[in-house]
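Trainee: Model the following, please.
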Amino acid sequence: MSTAASPKQAVEPKKISYIGASQWLISLAIPMLIFMMAPFDYTMRAYLAITVGAILFWVFALIPEPITGLLIPILFCLVGVSKPETAFKAWSSIMPWLVLAGMIMGEVMLNTGLAKRIAYRLLLVAGCSGTGLLVSCLLLSVLLPLIIPAAVWAKMLVLAPVGIAICHALGFKAQSREATGIMLMLLFTSLSSGYQYITGDETMIWIASMISDATKGQVVLNFVEWMKVMWLPGFVWVAMSIIIPYFLLVRPSTKNAPDSTHIIKEKYQELGPIQGIEVKAMTIIMLILLNFFFEERHGLNSAHIMVILTSLFFLPGINLMDFEKLKQMNIWIIFFVAGALTIGQTSNAIGFNDIVAKNLLPAMQGAGSYGAVLIFYTFGVFVKFFMTPLAAIAAFTPLVGDVAIQLGVSPVAAMQIYNFSVDMYLFPYEVAPVLYFFSLGYMSYKESIKIFCWRLLASYIVVAIVISGYWKMIGLI
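Mentor: Numbers count the residues shown, from 1 in each chain. As a prediction, the model looks like this:
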């Protein structure tokens, strides 16, 4: 049978998408207006126009996100915002390679079944409905960052199917209040649990290196020191994030709901006895954790060693990863990461950060340690709405550290509180993992926005009382 189009099909015009056309118009017009009207010099106006344009392209997904990330440094060079050595500096940093290493680890954990085995087992220990579901998420938030280090996507790919299974077992329809609450609990379990450990996700490793740079090597946070400063604040942070959707959306409907333990138990039994490949995977994961734990002893860059250890998955006799599996991974995401990093690093190179600092410093004079911490946090929450989290971290974390030193405030406290601030979301476009959970079709946008708002308000209580109070107790501020 011929597959050629009929004459009618060949000339039939495509339907015009007015929504798509308006998104293109917005994404092109706003950067153009910024370039023509912003009260800055040419370099700054061009930087802001390209940055805002890239963010809008990411918001509306007009072209694939990695391609937008790829275009950012090229456009910076073409229009004279920065030289190639600055525009492509992100590729010489460890961050893209940490992301790739984390993706490989996540893929191994998923392919071997080890990640699902651990997650299902934890759910069975605490129960899968009512209070048991809350306890399960809290346990997962403590243990998963250790078991699946530096791999946020792996945590999400493990927990998202678990959330859907629980919704089915309890009879909650997609996008209902209850289904939205369960998915949000698991989203925050995977996304906000990394703060407790330096290996919690790749960003924490990066933050630790920036703290060392800001203090000229005087402060080096190894695995133990990071836990001293961050474990309790990190746990309270993720607990707050999990508890809010549980009490507002899930608990009212799960008091008398059937227990979904049997569903999870069936899935756990389907995995069968532990396999040799799971033992291999766990051995390498433990080596990666020990690498960070003994960083002061071996004296090498733990992030670099982590990337090297990840390559062990490919060795003969281990064979947990190969080129075919690697080709199936979405490694293009590192172009998105590099593009976001480029926005932040270029802002520093062209002096945009200096403009921010000149306006930020006067506002913080006389604020004291507590006031400074709250101002740094508010600044991070505000600026992230206009940048991706990675770009916001790259652009302003070193600035926050420098300002803190000038004010006599602990740069560790200032930079870490800023680190917490980029975990605040109001819209799905702000970070890819949130967008991924929305794409599964189980979360109501309306109900999620409410939870994001309540979480933002509650975060100020956590920052002002719990985190700052604990840091005061241990002498950090």
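Trainee: thought residue 128 was touching residue 267?
Mentor: No. Using Cβ atoms under 8 Å as the test, residue 128 is too far from residue 267 to be in contact (10.7 Å). Quick note: C-beta positions are derived from backbone N, CA and C, even for glycine.
Trainee: what about these two, which has more around it?
Mentor: Remark: of residue 128 and residue 267, residue 128 carries more neighbours, 24 against 18, as counted by other Cβ atoms under 10 Å.
Trainee: how near is the more buried one to residue 141?
Mentor: Residue 128 is 16 Å from residue 141, where distance means Cβ to Cβ, to the nearest Å.
Trainee: repeat for residue 457
Mentor: Taking Cβ to Cβ, one finds residue 457 at 21 Å from residue 141.
Trainee: Same drill for those two, tell me which one is more crowded.
Mentor: For residue 457 and residue 141, the more surrounded residue by other Cβ under 10 Å is residue 141, and the numbers stand at 27 against 9.
Trainee: Give the full set of residues in contact with that one.
Mentor: By Cβ atoms under 8 Å, 6 or more residues apart in numbering, the contact set of residue 141 is 188-189, 192-193, 196, 235, 238-239, 242.
Trainee: which residue packs closest to it, ignoring adjacent ones?
Mentor: Sequence neighbours aside, residue 193 is the residue nearest to residue 141 in space, at 4.0 Å (criterion: Cβ to Cβ, 6 or more residues apart in numbering).
Trainee: Next up, the contacts around the one you found.
Mentor: By Cβ under 8 Å, 6+ apart, the neighbours of residue 193 are 140-142, 144-145, 155, 200, 234, 238.
Trainee: what residue is smack in the middle of this structure?
Mentor: Computing the C-alpha centroid of the chain and ranking residues by Cα atoms, centre = their mean puts residue 191 first, at 5.9 Å.
Trainee: what about the nearest residue to that residue once chain neighbours are set aside, helix or strand, and which?
Mentor: Excluding the flanking residues, the one nearest residue 191 by Cβ to Cβ, 6+ apart is residue 433, at 5.3 Å. Using DSSP states H and E, the element containing residue 433 is helix 432-439.
Trainee: Name the next helix or strand downstream of that helix, please.
Mentor: Following helix 432-439 in sequence, per DSSP H and E, is helix 445-461.
Trainee: Tell me the buried residues in that next one?
Mentor: Buried residues in helix 445-461, defined by neighbour count with 16 or more other Cβ atoms under 10 Å: 447-448, 450-452, 455, 459.
Trainee: do the same with stretch 302-317
Mentor: 302-303, 305-307, 309-310, 313.
Trainee: Quickly name whichever of the residues you listed is closest to residue 399.
Mentor: residue 303 (22.1 Å; Cβ to Cβ).
Trainee: so who does that closest one touch?
Mentor: Taking Cβ under 8 Å, 6+ apart as the test, what residue 303 contacts is 94, 98, 205-206, 209.
Trainee: do the same with residue 329
Mentor: Residue 329 touches 103-104, 107, counting by Cβ under 8 Å, 6+ apart.
Trainee: now with 10 Å?
Mentor: Contacts of residue 329 were listed using Cβ atoms under 10 Å, 6 or more residues apart in numbering, and they are 100, 103-104, 106-107, 153, 321.
Trainee: Then residue 317?
Mentor: Applying Cβ under 10 Å, 6+ apart, we find residue 317 in contact with residue 280.
Trainee: switch to numbering from 13
Mentor: Sure, I'll start counting at 13 from here, so that last one is residue 329.
Trainee: any idea how far it is from residue 193?
Mentor: With distances taken as Cβ to Cβ, residue 329 is found 45 Å from residue 193.
Trainee: How about residue 76?
Mentor: For residue 76, the distance to residue 193 equals 31 Å [Cβ to Cβ].
Trainee: out of these two, which sits in the more crowded spot?
Mentor: Shown here are residue 76 and residue 193; by other Cβ under 10 Å, residue 193 has more neighbours (30 against 13).
Trainee: Any figure for the gap between the more buried one and residue 99?
Mentor: Residue 193 is 43 Å from residue 99, by Cβ to Cβ.
Trainee: Report how many residues lie close to the closest residue to residue 413 other than its chain neighbours.
Mentor: Excluding the flanking residues, the one nearest residue 413 by Cβ to Cβ, 6+ apart is residue 226, at 3.3 Å. Neighbourhood size, residue 226 [other Cβ under 10 Å]: 22.
Trainee: show me what contacts residue 226?
Mentor: So residue 226 contacts 409-414, 416-417, 423-424, 426-427 (Cβ under 10 Å, 6+ apart).
Trainee: do the same with residue 120
Mentor: For residue 120, the contact set (Cβ under 10 Å, 6+ apart) comprises 126-127, 160, 163, 166, 289-290, 292-293, 296-297, 322, 325, 330, 332-333, 337.
Trainee: In helices, which of these appear?
Mentor: 126-127, 166, 289-290, 292-293, 296-297, 322, 337 (DSSP state H).
Trainee: so residue 285, which of the three states?
Mentor: coil (DSSP: H, G, I helix; E, B strand; the rest coil).
Trainee: For it, report the pLDDT, please.
Mentor: Model confidence at residue 285, given as pLDDT, is 91.
Trainee: Equivalent analysis for residue 20, please.
Mentor: For residue 20, the predicted pLDDT is 42.
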